[in-house]
Every structure is written in structure tokens, then in C-alpha cells.
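A.B. asks: task: produce atomic coordinates for the following.
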Amino acid sequence: MALSSALLQVMMDAVRKTARPMMRDFGEVTELQVSRKGPADFVTAADIKAEQTLFELLAKSRPGYGFLGEERGMVEGTDKSHTWIVDPIDGTTNFMHAIPHFAINLALERRAPDGSSEIVAGVTYNPVTNEMFWAEKGKGAYLNDKRIRVSGRKDLADSLVATGLPFLGKTGHGQAIKDVHAVAQRVAGVRRFGSASLDLAWTAMGRYDAFWERNLNPWDVAAGLLMITEAGGVVSTIDRDGDVRTGAQIVVGNPDIQPLVRKALIG
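C.D. replies: Prediction:
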């Protein structure tokens, strides 16, 4: 049985407590108060409430840490070496449509005196399935109490890969279709389920052999990229140098399949 650290316990307790009212809202999804944040980009009362709950719980447990959330943006802390990176509901559209595929995503970034930084812990929790994916730098990746690893598949033609597609109001629709065409003709199947954090977690545990997407954000990928590397996977940008942690473009997977998917995307 995996023994998580005090830090991971704080993170897992916070997401579980945040999930309780969220699940009540999910059960009454037709009654949710909804406002438009942008074309087809909805933010629900549950989304805002979840981020506020996480903000309060984490501030109580680790006073002074910074907080980067999807809804409120960056909140500077007195402790400049630590920042929480939070997506209160990754897969909001699924949540809105009563599709039980969404997650609370939480990661901790630690900054060194020289200005460099790294993600040291991450949690991705689907409260519907009660699947808690978590990882800590140098200590492996886990699903609940069991160690997870990327798949061992070596043949691209046998591989199942995942991606995301931009919704109305976001750029990159043409590129996304081009990417799907380039990859789909080489693999056993391509899936698009609508939650990048769960796509990353599922790749870390071998349900998918690889995952790629463009135009994501740090709160979408921070926890999952740590899980991938701790599970023995490979992480890189698609077609240019850059920091994968921005989410601008990523391709991840097991060490045999990830380079082949990347090659297909580059053309």
C-alpha cells in the first residue's frame, strides 16, 4: 500500500472536501446557475465555489503559498517559493451535461533560489469514480493505493491515443483536425473525452498509450505531466522548443509510442 507524504495528504484532503458539494451540484445539474465566460465556455456556480473552497483550505494548511487558479488567476503569496496550480473542475462542459468525466486538478510548484522551478506534487481526482491519481517528485505515481506505470505497448498500430479539440471561441480548429488526421490513420483509435487532466492521468496508468493537445494552460497539465514522468513516460512539446508546463503544446506517452505520435504530428 502506498504511503503518501504529509503534503500529499493536505492536497488529497482538500480535493475530497471540495468534491462533496460539487457532487451535490452534479446530482442537480439541471438546476445549476450558469453564466457565460466566453463563447461556449461556461463557468458554473459549482466551478467558482470549488475554487474558493480549495483556496481557503490550502491557505489554512499552507499559509503564504501563492495560488494560480483558472477562475481567479494569480494570487501572490508571502512565500515566493511555492505556488498552488488549480483547476477546480477540468471538464466543465462534461459536468454541465451530466457526463461523469471531470476532475479536480491540483499541483504544487516549487521555485529554487536561482529562479528555476518544478512541479513537486500533483493530484487529479474524479469524484464520480473515486479515482485519486497522485504523484510526488521522485516517489512514483499512483491511483488510490496502487503504483501506476505507462503502458508497455511498442507498436503504434496497436495503440490507443487521446487528444482534445478546441471548443467554440478558441483558435486552432483547423490544426486540430489536421493533427487527428495525421495520427488516426496510424493508430488503433483516437479518443476525445473532454478532460485533459484525466487524459494525462489515464496515460500515466496505461489506459492510453499517448496523448497530445495544443493550446492548454498550466492548470490543465501541471499535475498530469508529473504523473507521466513518475510513471516512466516521456513528455515533450510537439514541434518546437519550449516549456511543456505552459500547456501550449504537449505530447506524452510511453517511451516507445510517444516519439512515433510526435513524428506523425510533425509530418
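
A.B. asks: where exactly do the helices run in the stretch 101-250 of the chain?
C.D. replies: 173-184, 196-204, 218-230 (DSSP state H, counting those that start in this stretch).

A.B. asks: need the winner for burial among those helices.
C.D. replies: The highest average neighbour count among the helices of the stretch 101-250 of the chain, using mean count of other CB atoms under 10 Å, belongs to helix 196-204 at a mean of 30. Yep, even glycine has a C-beta here, placed from its N, CA and C like the rest.

A.B. asks: centroid residue for this protein?
C.D. replies: Nearest to the geometric centre of the chain sits Ser197, at 2.3 Å (CA atoms, centre = their mean).

A.B. asks: so how far is Pro63 from that residue?
C.D. replies: According to CB to CB, to the nearest Å, Ser197 stands 26 Å off from Pro63.

A.B. asks: can you pull the contacts of Ala14?
C.D. replies: Residues in contact with Ala14 (CB atoms under 8 Å, 6 or more residues apart in numbering) are 54, 57-58, 61, 106.

A.B. asks: now do 7 Å
C.D. replies: For Ala14, the contact set (CB atoms under 7 Å, 6 or more residues apart in numbering) comprises 54, 57-58, 106.

A.B. asks: looking at those residues, which are in helices?
C.D. replies: 54, 57-58 (DSSP state H).

A.B. asks: quick one: which of the residues you listed is nearest Asn94?
C.D. replies: Nearest to Asn94 out of these is Leu54 (CB to CB; 19.2 Å).

A.B. asks: out of the helices and strands in the protein, which is least certain?
C.D. replies: strand 34-38 (a mean of 67; mean pLDDT, DSSP states H and E).

A.B. asks: just the strands in the stretch 51-200 of the chain please.
C.D. replies: Using DSSP state E, counting those that start in this stretch, the strands of the stretch 51-200 of the chain run over 65-69, 73-75, 79-90, 103-111, 117-126, 131-136, 141-143, 146-148, 160-163, 189-191.

A.B. asks: looking at those, which is nearest to Thr171?
C.D. replies: strand 160-163 (16.0 Å).

A.B. asks: quick one: residues in contact with that closest one.
C.D. replies: 179-180, 183, 187-193, 199, 208-213, 261.

A.B. asks: alpha carbons only: can I get it in CSV?
C.D. replies: Once non-C-alpha atoms are left out, strand 160-163 reads as follows in CSV (Å, rounded to 0.1, in the frame of the first residue of the first chain):
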residue,chain,number,x,y,z
LEU,A,160,-4.9,3.8,-28.3
VAL,A,161,-4.2,7.6,-28.0
ALA,A,162,-6.2,10.6,-26.8
THR,A,163,-6.4,14.2,-27.7
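
A.B. asks: direction included, what does it pair up with?
C.D. replies: strand 189-191 (parallel), strand 210-214 (parallel) (DSSP bridges).

A.B. asks: can you lay out the ones you listed as CSV showing mean pLDDT?
C.D. replies: What follows is the strands paired with strand 160-163, written out as CSV (pLDDT from 0 to 100):
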stretch, mean pLDDT
strand 189-191, 98
strand 210-214, 97
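
A.B. asks: distance of Gly140 from Ala231?
C.D. replies: 7 Å.

A.B. asks: higher neighbour count, these two?
C.D. replies: More crowded of Gly140 and Ala231, by other CB atoms under 10 Å: Ala231, with 25 against 16.
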